[in-house]
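In: Need a 3D model of the following:
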Amino acid sequence: MESLRQKVIEDGVVIDEKILKVDGFLNHQIDAQLMHDVGQTFYEQFKDQGVTKILTIEASGIAP
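Out: The predicted model follows:
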């Protein structure tokens, strides 16, 4: 998904070789257009699968 890729390039922060920090635009200052685009992509990928719910998980601070 190009808009998410571009957002990560522009606003993602590399902490080290295993951590890319993206909470600034995913959690703190949500980009409404980006979230809409992500939602559309999820819809297109799963529209024929009978999906009725999406479960998310808090992963911040969990050791790799």
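In: Report the rounded mean pLDDT for the biggest helix by length in the chain.
Out: Taking DSSP state H as the criterion, the chain has its longest helix at helix 32-46. Computed over helix 32-46, the mean pLDDT rounds to 90.
In: Pull out the buried residues from stretch 34-49.
Out: Across stretch 34-49, burial judged by 16 or more other C-beta atoms under 10 Å covers 34, 37, 38. (C-beta placed from N, C-alpha, C; glycine too.)
In: and of the residues you listed, the nearest to residue 23?
Out: Nearest to residue 23, judged by C-beta to C-beta, of those is residue 34 at 13.6 Å.
In: I'd say that closest one and residue 6 touch.
Out: No: checked against C-beta atoms under 8 Å, the pair residue 34 and residue 6 is beyond contact range at 9.2 Å.
In: Please enumerate the helices of the chain.
Out: 2-11, 23, 32-46.
In: how much distance is there from the longest one to the middle of the chain?
Out: It stands for helix 32-46. Relative to the centre of its chain, helix 32-46 is centred 10 Å away, using C-alpha atoms, centre = their mean, to the nearest Å.
In: Report the angle between that helix and helix 2-11.
Out: Here helix 32-46 points in a direction 140 degrees away from that of helix 2-11 (axes from the mean of the first three to the mean of the last three C-alpha atoms, to 10 degrees).
In: residue nearest the centroid of this protein?
Out: What sits nearest the mean C-alpha location of the chain, by C-alpha atoms, centre = their mean, is residue 26, with 6.2 Å.
In: lowest-confidence helix or strand of the protein?
Out: Least confident helix or strand of the chain, by mean pLDDT, DSSP states H and E, is helix 23 with a mean of 82.
In: to the chain's geometric centre, what's the distance from that one?
Out: The answer for helix 23 is 9 Å, by C-alpha atoms, centre = their mean.
In: Show me what that helix is packed up against.
Out: Contacting helix 23 under the criterion 3 or more C-beta pairs under 8 Å, 6 or more residues apart in numbering; DSSP states H and E is no other helix or strand.
In: from the buried residues of stretch 34-49, which single one is nearest residue 54?
Out: Taking C-beta to C-beta as the measure, residue 54 lies nearest residue 38 of those, at 10.6 Å.
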